[in-house]
Every structure is written in structure tokens, then in C-alpha cells.
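Student: Requesting a structural model of the entry that follows:
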Amino acid sequence: MKLSPLFTIVIANYNHGKFIEEAILSVINQSYKNYELIIIDGGSTDNSVEVIKKYENKISWWVSEKDSGQSEAFNKGFKRATGQFLFWLNADDILLPNSLKEADNVISKNKEVEWVSANTVFFDVNGIVIKCTNGPSWSNFLFKNAPITVYGPTTIFSKKIFDEVGGFDESLRFGMDTDLWFRFKKLGHQFVKSQTYFWGFRIHKDSKTSHAFEDKQSDEFYKESKRIRDKNNVIYTRKGVYLQKIYKIFNGNYLKSLIDTKRNKGKSITNLKFHK
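Tutor: Below you'll find the predicted structure:
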């Protein structure tokens, strides 16, 4: 009898043929092998399918067909999932070395865990590290009137709670992950924090969400963010956001981010090793 894998990883792609091979390799080169990889391609017209076929003996299932966007692609992939825990990877990003092993360590030490969050490294189109970001551990007080500071593919969650909330809202284009966190929280779920880094986020002009980290966000992104807060009855307050920033200062999150950025800025993302 074939045992189910611990992790299911879904890569969603549309015309990122110049990046997707790096994303695939960042998964299949993990030292930890108890996972399945699913790729959902939205009917790419570049060389994406050619790249996917190159590695199809390492892929549990893949498809290339038109869809409405990332949210539908993720739902489609996770419906096929047989793993106990799920997470996704954007086709232009990478999973950092040994992240799956670290995730397994966290889950093994926290038997009741349903949701794990880690940290993010931002890098440019040439693979050079720009900055490291370190988020706080869970706090009901901290996340009451301020954002749940979690970046998408740093986060691993059980299939149980994903199915419990009904998956991604397919009407959302930018903040489907934020909406998912709010719905997890609404049902009483809290993440367990890993202090290391799982996700390498590539910032480039063709990235759908790169602008979200700029000082001025697009009107479309802003309107969707407001719709997500309204939908989940969430109200950010200046006091809440301010207190969260203070917490990150005294908790050492900003300091650790600064130290890790200074240590790694300018290096190649492929040379980073945050866990053994």
C-alpha cells in the first residue's frame, strides 16, 4: 500500500518559462523527499510546457489549460493533493534548500500543528539577494487590528483546514492568501512560527505582486485589499499597526531582518543555506 506524502506542493504558472525550471529544481533538489509536486499551467504560450515535460517523471500530476488565474489554479492543484500538508510556490520564485526538512522538524515537534509560517528572502531578476524579512510569532493581540504578517509560500497548512474553509476565493487576484489567513483565524487556527527562511521571492517587472511591496500600491490592489477586510469583518487601526511595529522592534524581528540582510545582501540566492 502506497503511503500518502507529508507535503503536497503546487506550482502555478502562466508564461514564466524563463523562471519555472528554477522553481521546479528548487523542489526536486530538496534533501527531504516525502512530498508530491503538482504543476498547474494556465495554458502558457511560451516554452513553459516544454520545461514541465522535461521534468514530468518527477511531477505527480500536471496540466496545461486556461484558467481564471492563480486562485483557480491553486484550488485545482490542491483538489488533487494527497499530502497531509499543503503549500504553493509561484513559478518565478524558489523554495530555499532544506526547507522541507525544516518544515518536517517543526511539524514533528508540534504534534497538533495545522499551520506553519516561516520567513522570506527577496531577490532580483538575476538571483541576487535584496533583503531578508523575519515575521513575528502568533499573537491574538498583535493580529487583532493589524495585518497577519505572513507571506504566501512561506506558509504550510494542513489539507484539513484548507478544506474546512473551502479553499481559495477564486474572485481574488492579489490577496487570496491574506483572505485565507483571515478565514483560518476566524475558525480559531494559529500558525506555529519557524524562525528560518523557506521562500525566495523574485522581484521583477512582470511579477503580479511585486508592486505590493512598493510605497504606492496600485488602485486595483488597494481596492481588493479593502474588499478582503470588509468580507472578513477586519478593521485595521493606526494604533494596531503601530503596536505591531513596536512589537517587532522589541521582539527582535526587525533586528534579525537587518542582520540577515546585511549578511546576505548581494549574494546569489542559490548559495544561501539557512538550515542544514
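Student: Which element, helix or strand, includes D260?
Tutor: Using DSSP states H and E, the element containing D260 is helix 253-264.
Student: At which residues are the helices of this structure located?
Tutor: Secondary structure of the chain by DSSP state H: the helices cover 20-28, 48-54, 70-79, 99-109, 159-165, 176-186, 219-231, 238-251, 253-264.
Student: Residues touching the fifth one, excluding its own?
Tutor: When you say that, I think you mean helix 159-165. 8, 78, 81, 83-86, 114-115, 180, 183-184, 187, 189 (CB atoms under 8 Å, 6 or more residues apart in numbering). Bear in mind the C-beta positions are built from the backbone N, C-alpha and C, glycine included.
Student: Just give the nearest non-adjacent residue to G167, would you?
Tutor: N75 (4.6 Å; CB to CB, 6 or more residues apart in numbering).
Student: quick one, what contacts that neighbour?
Tutor: Taking CB under 8 Å, 6+ apart, we find N75 in contact with G167, F168, E170.
Student: contacting residues for the last one?
Tutor: Taking CB under 8 Å, 6+ apart as the contact definition, E170 lies against S68, G69, S71, E72, N75.
Student: 7 Å instead?
Tutor: Residues counted as contacts of E170 (CB atoms under 7 Å, 6 or more residues apart in numbering) are S68, S71, E72, N75.
Student: Contacts only, for the first one.
Tutor: In this case it means S68. Neighbouring residues of S68 by CB under 7 Å, 6+ apart: E170.
Student: Against R173, how distant is it?
Tutor: Going from S68 to R173 by CB to CB, to the nearest Å gives 9 Å.
Student: rewinding a little: got a PyMOL select line for the buried ones in the contacts of helix 159-165?
Tutor: A single PyMOL command suffices to select whichever of those are buried according to 16 or more other CB atoms under 10 Å:
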select buried, resi 8+78+81+83+84+85+86+114+115+180+183+184+189
